[in-house]
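Undergrad: Sequence and computational prediction follow.
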Amino acid sequence: MKKDAISWFEIAVRDLDRSQAFYERILRTDLIPGEDENCTMAMFPCDEANGVGGALTTMEGCEPGVGGTMVYLNVDGDLDGVLARIPEAGGKVRQARMDISPHGFIGIFEDPEGNVLGLHSMS
């Protein structure tokens, strides 16, 4: 049986450099550049053997925007810190920290490309 509900995610972006800088700033982590014949990407670090991976992507036919797939990024600990960095990095907080006991806490934000995503933390 699979351990994670998500095996991979892609967040469509128009401006990869701007989007990469935004996510690196709010999550305080470096994204890993990648490219194949169909797209250019910046991948979120993960445990490739046991974790869920994903990337920001620029690809023909994929457009960012509200109403797309809702992806929740894991936050290890400081959810409030991540939420606080979002406006200063060019995004918007749409849902402040919300208790979803017993499953932890979430927040929802909009990135500079107009994508709406969630954040999840157990603390």
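TA: Nice, thanks for sending it over.
Undergrad: If we go by neighbour counts, what in the longest helix seen in the chain is buried?
TA: As assigned by DSSP state H, the longest helix anywhere in the chain is helix 16-27. Within helix 16-27, the residues that count as buried by 16 or more other C-beta atoms under 10 Å are 16, 19, 20, 21, 22, 23, 26, 27. Placement of C-beta: from N, CA and C, glycine included.
Undergrad: Ok, stretch 81-101 next?
TA: 82, 83, 85, 86, 89, 90, 91, 93.
Undergrad: and if you look at stretch 99-109?
TA: For stretch 99-109, by 16+ other C-beta under 10 Å, it's 105, 106, 107, 108, 109.
Undergrad: what residues does it touch?
TA: Residues from elsewhere that reach stretch 99-109, judged by C-beta atoms under 8 Å, 6 or more residues apart in numbering: 72, 79, 82-83, 86, 91-98, 116-123.
Undergrad: same question, stretch 30-39
TA: With C-beta under 8 Å, 6+ apart as the criterion, stretch 30-39 contacts 20, 23-24, 40-45, 55-60, 62.
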